[in-house]
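S.K.: what would the 3D arrangement of this be:
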Amino acid sequence: MQPLPVSELRDPEFEALYRGKLSEFNAVQTQCFHALYRTDDSALLAAAPGAGKTLAAEIALLRFFRQEAERAQLEGDSYVRRRALYIAPFATLVEQRTRAWQRRFASVQGGKSVVCLTGDAVADLRLLDDAHVALATPAQWDALSRRWRQRQRQCVRDIGLVIVDELHWIGGSGLGTSSDEDLLASLYEVVVSRVRYMAAQLDRHIRVVGLTVPLANARDVAAWIGAPASAVFNFAPSVRPSSPLEIRVVTSGIAHFASRMDAWVAPAYRAISRATIVFVPARKQCRSVSTALVDMALGDEAGSRFGTGDAMAVSVAVDDPVLGDLLLHGAAYYHEALSESDKAAVLAQFASGAVQVLVASRESCWALDHVHAPTVVIMGAE
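M.R.: Residues are numbered from 1 along each chain as shown. Next up is the predicted model:
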């Protein structure tokens, strides 16, 4: 299909959100644009990571904002605000999406209130009551919606759009490798099912937009969330708007885990080119691997630092002294236990090019889904 221009939104305020960022939607977004922006049908978008599913969700949100504005004008004093809800399985992903949408929608229609739920039912009811868009993990929404029939939970019932991200984590996906992940999968299935049950009991349409990687059973999942065949978009994993993905595998016969990780440092170093993210199994490997990579760079005849910019100012500002030393050499690490200021500093330096190699824990990958890196190295994969 011919890529649709952003002007297809046909709203100057909405179009301004993307001015200077993009002029047209990519192939995936173009194909699902009509279903998301011109209809109220529930929809399922299954595409590879990096295909632009988040922007597709924003397209559905913009339709919701426009409809709510029209309904407020039509109903006048009797208008009761409906809210949009975004659910994702990981807190880091929810927090990152909250910050992004707070910035993006701050000036839309006078400013949209975008809130991240906390898990405290009393506080969350107050947050939701004042919100236009609420974001939550399955556990947070389960705590709030379990007693949705109660009179004081009218704001829970006044949900008009639900965006469910990373929907492949729904129970039975086979992705869980621990009891915690199995519990997450089951809970995610429960809260999505509750949305559908609540809509049936209220006899009111609640639109569900599901975002996921490509699925073998996409039609079954679509039927479960109430999406008609015309709003099911299941792209092959090879469909990627960016350049084709090149995969190289390096194996090791070393049984001892620590020794195996040490042996993989050299292949990881050789794979680094331009901006590279190196994922390690857990946060405790972030510091050791990043330090080993810098030591290898210092002994390399080709040069003694990864980055090309000046990271001195950041080394003074960060809380972690080891991280500060690494930044001086154009390297850094990122994991969930870093302070928020250190996380922001690391990402800013990586985006600017001052840092060329970023070592991150796998758990933090959900907070890095917006970070562009031509090369990704995964160490310790089974």
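S.K.: and Arg81, how many residues sit next to it?
M.R.: Around Arg81 there are 14 other residues, counting by other C-beta atoms under 10 Å. For every residue, glycine as well, the C-beta is placed using N, CA and C.
S.K.: typo on my end, it should be Arg19
M.R.: Residue crowding around Arg19 was assessed by other C-beta under 10 Å; the count is 10.
S.K.: got a list of what it touches?
M.R.: For Arg19, the contact set (C-beta atoms under 8 Å, 6 or more residues apart in numbering) comprises Val6.
S.K.: go on, Val192?
M.R.: Under the criterion of C-beta under 8 Å, 6+ apart, the neighbours of Val192 are 87, 162, 164, 167, 170, 208, 224-225.
S.K.: list just the nearest of the residues you listed to Val250.
M.R.: Distance to Val250, by C-beta to C-beta, is smallest for Leu167 among the contacts of Val192, at 32.0 Å.
S.K.: which residue, other than its chain neighbours, is closest to the closest one?
M.R.: Thr212 (3.9 Å; C-beta to C-beta, 6 or more residues apart in numbering).
S.K.: from memory that neighbour sits against Leu44, does it?
M.R.: Yes - counting by C-beta atoms under 8 Å, Leu44 is a contact partner of Thr212 at 7.2 Å.
S.K.: any residues in contact with both of these two?
M.R.: Common contacts of Thr212 and Leu44 (C-beta under 8 Å, 6+ apart): 167, 221.
S.K.: do you know how far Arg153 is from Arg147?
M.R.: For Arg153, the distance to Arg147 equals 6 Å [C-beta to C-beta, to the nearest Å].
S.K.: when those two are compared, which one has more neighbours?
M.R.: Taking other C-beta under 10 Å, Arg153 and Arg147 do not tie; Arg153 has more neighbours (18 against 11).
S.K.: which SS class is the more buried one?
M.R.: Recorded secondary structure, Arg153: helix (DSSP: H, G, I helix; E, B strand; the rest coil).
S.K.: that older thread, who has more neighbours, Thr212 and Leu44?
M.R.: Leu44 (28 against 21).
S.K.: where do the helices sit along this protein?
M.R.: Ranges of helices in the chain, per DSSP state H, are 12-16, 27-37, 53-75, 91-104, 121-130, 138-145, 154-157, 179-202, 218-225, 257-271, 284-298, 312-317, 321-327, 340-352.
S.K.: so what's the residue count around the closest residue to Arg82 other than its chain neighbours?
M.R.: Of all residues not flanking Arg82 in the chain, Gly160 sits nearest, at 3.5 Å (C-beta to C-beta, 6+ apart). Residues lying near Gly160 (other C-beta under 10 Å) number 18.
S.K.: my read: Gly160 touches Leu61, true?
M.R.: No - using C-beta under 8 Å, Gly160 is not in contact with Leu61, being 10.8 Å away.
S.K.: okay, and the common contacts of the two?
M.R.: Residues touching both Gly160 and Leu61 (C-beta under 8 Å, 6+ apart) are Ala84.
S.K.: which of the contacts of Val192 fall within strands?
M.R.: Among the contacts of Val192, the residues falling in strands (DSSP state E) are 87, 162, 164, 208.
S.K.: which among those residues gets closest to Gly76?
M.R.: Val162 (26.7 Å).
S.K.: the closest one pairs with what?
M.R.: Residues in a beta bridge with Val162, per DSSP bridges, are Leu85, Val208.
S.K.: what is the burial count for it?
M.R.: When neighbours are counted by other C-beta under 10 Å, Val162 registers 24.
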